[in-house]
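Undergrad: here is the input, now give the coordinates:
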Amino acid sequence: MDGSMMKRMFVAICFGSVLSAAAEWQPLWSGQAPGAKRPAAGSETIGEGSRYSDIEVPQFQAYIAPQGKRTGQAVVILPGGGYGILAMEHEGHAYAKWLNQRGISAFLVKYRVSSKPDFGYQYPVPFLDARRAIRCVRARAAEWGIDPGKLGVMGSSAGGHLASLCTTRHADTFPEEGKDEIDRLSCRPDFSILIYPVISMGPLAHTGSRTNLLGSKPSADLVERCSTEKQVDSSTPPVFLLSTSDDVVDCRNSLVFAGACKAAGVPLTLHVFERGGHGYGMNVGAKGELAAWPALLEAWLKR
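TA: Alright, predicted model coming up:
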């Protein structure tokens with residue numbers, strides 16, 4: 001093996017090590033995560049297509065944009081999965097890589113979800129994790145070359161509902177928070193990307209998402225509080241909304257949220273396509289007109 005080949009191999013190994021280190025899971029909370037007891041070791045499972053369930057420890061992965069391409073923007077990504085699983089690949093890693101290619105750093109969140117009620121992961125547990133993720137990125141913004149005033153949130157399906165909670169209920173307070181300096185930072189996102197989101201917990205709700213988040217018999221007050229179309233106000237940041245009319249998550253979720261943004265004077269971009277179904281993420285090669293949605297998001301992010 002000649003010297004030039006050895007040098008290329010060394011560079012490749014080092015580069016791979018850097019990528020591997022950047023993609024390691026990091027804890028969201030220092031010490032025990034609040035809101036629910038940690039389940040037994042070995043509870044968490046990873047199924048086909050990187051579908052995580054019965055999360056043990058809430059964590060995040062940092063995808064830092066290449067230094068020469070950085071825009072200063074960053075996005076906290078909340079995968080969907082009906083609050084029972086996390087579709088980590090097509091609604092997580094794929095988004096992060098796409099954002100990185102456009103100079104935007106991304107932070108993929110493994111927030112606590114389970115379809116088993118005895119895990120205790122009902123509201124506000126996933127919300128606590130999502131808020132903490134936004135604050136963690138702000139706390140380390142200088143380290144990662146991020147403008148803390150250009151930090152957005154992105155969620156798909158039930159992850160879109162969680163992102164919409166962050167978008168509308170950022171002023172909420174919880175007794176589980178405030179234990180360290182990170183928790184004293186703002187958790188308000190500066191922009192919001194909601195991809196085929198669950199929004200309402202009322203008649204338009206996705207039943208599985210509502211049951212996993214709110215339980216089988218939620219109070220009327222809790223349903224109201226978590227129906228985010230009813231929580232939009234003038235402090236809500238700009239929103240990008242995407243849905244299709246044939247989605248199993250009724251596209252009227254997006255429409256009622258858009259109407260609330262219009263009424264509150266919140267900057268809004270809404271795209272509703274005729275066909276595309278649900279759960280496609282970036283896999284839109286055979287989706288007809290819907291294949292344009294990533295380019296539409298890119299243009300919006302530049303604006």
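Undergrad: quick check, pLDDT for L19.
TA: On pLDDT, L19 comes in at 41.
Undergrad: so where do the helices sit in the stretch 101-250 of the chain?
TA: Ranges of helices within the stretch 101-250 of the chain are 125-139, 141-144, 158-168, 207-214, 220-226, based on DSSP state H, counting those that start in this stretch.
Undergrad: now those in JSON lines, with mean neighbour count?
TA: The C-beta positions use only the backbone N, C-alpha and C, and glycine is treated the same way. Converted to JSON lines, the helices of the stretch 101-250 of the chain look like this (neighbours: other CB atoms under 10 Å):
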{"stretch": "helix 125-139", "mean neighbour count": "24"}
{"stretch": "helix 141-144", "mean neighbour count": "13"}
{"stretch": "helix 158-168", "mean neighbour count": "30"}
{"stretch": "helix 207-214", "mean neighbour count": "20"}
{"stretch": "helix 220-226", "mean neighbour count": "15"}
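Undergrad: would a markdown table of those with distance to F119 and mean pLDDT be doable?
TA: Listed next are those as a markdown table, based on distance: least, CB to CB, whole Å; pLDDT from 0 to 100:
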| stretch | distance to F119 | mean pLDDT |
| --- | --- | --- |
| helix 125-139 | 9 | 98 |
| helix 141-144 | 32 | 97 |
| helix 158-168 | 16 | 98 |
| helix 207-214 | 10 | 97 |
| helix 220-226 | 18 | 98 |
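Undergrad: what are the phi and psi values for the closest residue to G285 other than its chain neighbours?
TA: Nearest residue to G285, sequence neighbours excluded (CB to CB, 6 or more residues apart in numbering): A291, at 6.4 Å. Main-chain torsions, A291, degrees, to the nearest 10: phi -60, psi -20.
Undergrad: for L194, which of the helices of the stretch 101-250 of the chain is the nearest?
TA: Closest to L194 of the helices of the stretch 101-250 of the chain is helix 158-168 (CB to CB; 4.5 Å).
Undergrad: quick check: angle from the closest one to helix 207-214?
TA: Angle, helix 158-168 to helix 207-214, by axes from the mean of the first three to the mean of the last three CA atoms, to 10 degrees: 50 degrees.
Undergrad: can you name every helix or strand that helix 158-168 contacts?
TA: Helix 158-168 makes packing contacts with strand 74-78, helix 125-139, strand 151-156, strand 191-195, helix 207-214 when contacts are defined by 3 or more CB pairs under 8 Å, 6 or more residues apart in numbering; DSSP states H and E.
Undergrad: with distance to G31 as new columns, can those be given to me in CSV?
TA: Below are these laid out as CSV (distance: least, CB to CB, whole Å):
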stretch, distance to G31
strand 74-78, 21
helix 125-139, 12
strand 151-156, 24
strand 191-195, 30
helix 207-214, 25
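Undergrad: sorry, back to before: closest one to V248 among the helices of the stretch 101-250 of the chain?
TA: helix 207-214 (10.3 Å).
Undergrad: ok, and what's touching the closest one?
TA: Contact with helix 207-214 is made by 82-84, 113-115, 121-123, 126, 157-158, 161, 198, 201, 218, 222-223, 226, as judged by CB atoms under 8 Å, 6 or more residues apart in numbering.
Undergrad: G259 reaches V232, doesn't it?
TA: No: with contact defined as CB atoms under 8 Å, G259 does not reach V232; the gap is 9.1 Å.
Undergrad: show me where the chain has its strands.
TA: Ranges of strands in the chain, per DSSP state E, are 26-27, 45-47, 51-53, 59-63, 74-78, 85-87, 105-110, 151-156, 191-195, 239-244, 268-273.
Undergrad: what are the contacting residues of the third one?
TA: Residues outside strand 51-53 that contact it (CB under 8 Å, 6+ apart) are 44-47, 81, 84-88, 110, 113-115.
Undergrad: selecting buried members of those residues in ChimeraX, what would you type?
TA: If you want just the buried ones from those in ChimeraX, going by 16 or more other CB atoms under 10 Å, the selection is:
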select :81,84,85,86,87,88,110,113,114,115
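Undergrad: closest to K179 among the contacts of strand 51-53?
TA: Closest to K179, out of all of those and judged by CB to CB, is K110, at 20.5 Å.
Undergrad: quick one on the thing from earlier: distance of the residue nearest to G285 relative to G80?
TA: According to CB to CB, to the nearest Å, A291 and G80 sit 20 Å apart.
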